[in-house]
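In: requesting a structural model of the entry that follows:
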Amino acid sequence: MFIESKKVEREMRSLVNENEQHARKSESGNVLFLILIAVALFAALSYAVTQSSRSGGGDASSETNLVNSSSITQYPASVRTSIIRMQVSNGVDVTDMEFNIPSDFGNCSDSGANCVFHPSGGGATYMPGPAEVMDSGSQGRWYFNAENEIENVGVDSATEDSPTTSSAEVIAFLPDIKKGICKKINDELGITSASVDDIPIESGVNVQTTNHENADGSSSGLPNYVASGTTATINGTGGELVGQAFGCFQQPAGTFHYYHVLIEQ
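Out: Okay, the predicted model is just below:
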């Protein structure tokens, strides 16, 4: 009886050992299977990232241009808000507004009340053009004046290319930006051109790199809004910019400028 009991015990231990070995083999198989799945997923992910990098290089550049172009188009809109507030709340006539930059606040007339960027005036924040959008790779300068008009924006003068103080728009210019930024801005606005680089050319417009400002702190130092002989109508040689309150053109070919109407007249 004792012998039979021992025999049964050995058989039971053998079965237990076999089950444990089978379980370990099963667990090892499951772990190996999970490892293989993880390796396969990692390989697939790596391939997808690699393909995205290869085929999406242009897309990444396009996204960068979109972000940078947005920073350009949004800034003049904030300046426009300050100008309108000066007109409505402070009763400042557009022809009396001054765009002295902060380093020239000492020349603002009427204690800064007419200066768009002065805290006592429009309180707008003056910001340079971001280095990322400038062709030079350095910060650029915005210029503000009323020496040009846009065809079919506001009221055109009787004689084209001869805007007057009542027809010239107050425009913000950012000269010499990168071609890719210029192109992205126009793409977003649906502006196309048959000219070089698919960017409109302006042959008659003298891009004004001056601010309308009081140079000596008195009304006598305030230049005329329209400088005779240097003004023109922005429309694009192929009419691409007719009715466009903001956009980008090249003048001369290969040099790209952004413009943004602040006040239509």
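
In: from now on I want contacts and neighbour counts done on CA atoms only, so please keep to that.
Out: Noted.

In: so which strand or helix has Gly180?
Out: Using DSSP states H and E, Gly180 falls within helix 179-189.

In: what residues are up against Gln197?
Out: Let me fix one detail, which is that residue 197 is Asp and not Gln. When contacts are counted by CA atoms under 8 Å, 6 or more residues apart in numbering, Asp197 touches no other residue.

In: before we move on, what about Asn68?
Out: By CA under 8 Å, 6+ apart, the neighbours of Asn68 are 132-133, 181.

In: tell me the secondary structure at it.
Out: helix (DSSP: H, G, I helix; E, B strand; the rest coil).

In: ok, which stretches of the stretch 51-200 of the chain are strands?
Out: Remark: strands assigned in the stretch 51-200 of the chain by DSSP state E, counting those that start in this stretch are 143-150, 169-177.

In: just the ones you listed: most buried one?
Out: Here the criterion is mean neighbour count by mean count of other CA atoms under 10 Å, and of the strands of the stretch 51-200 of the chain the winner is strand 143-150, at a mean of 28.

In: name every strand pairing with that one and say which way it goes.
Out: strand 169-177 (antiparallel), strand 232-234 (parallel) (DSSP bridges).

In: can you check what angle separates the longest one from helix 179-189?
Out: Computed by axes from the mean of the first three to the mean of the last three CA atoms, to 10 degrees, the angle separating strand 169-177 from helix 179-189 equals 140 degrees.

In: got the CA positions of strand 169-177 in PDB?
Out: Extracted in PDB, the C-alpha atoms of strand 169-177 (Å, rounded to 0.1, in the frame of the first residue of the first chain):
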ATOM      1  CA  GLU A 169      -4.400 104.900 -48.500                       C
ATOM      2  CA  VAL A 170      -2.500 104.700 -45.300                       C
ATOM      3  CA  ILE A 171      -0.300 101.700 -45.900                       C
ATOM      4  CA  ALA A 172       2.100  99.600 -43.900                       C
ATOM      5  CA  PHE A 173       5.100  98.300 -45.900                       C
ATOM      6  CA  LEU A 174       7.600  95.600 -44.900                       C
ATOM      7  CA  PRO A 175      10.200  95.600 -47.700                       C
ATOM      8  CA  ASP A 176      12.700  92.900 -48.600                       C
ATOM      9  CA  ILE A 177      11.000  89.800 -47.200                       C
END
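
In: format the strands paired with strand 143-150 as JSON lines; extra columns: mean pLDDT.
Out: Listed next are these as JSON lines, based on pLDDT from 0 to 100:
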{"stretch": "strand 169-177", "mean pLDDT": "92"}
{"stretch": "strand 232-234", "mean pLDDT": "81"}
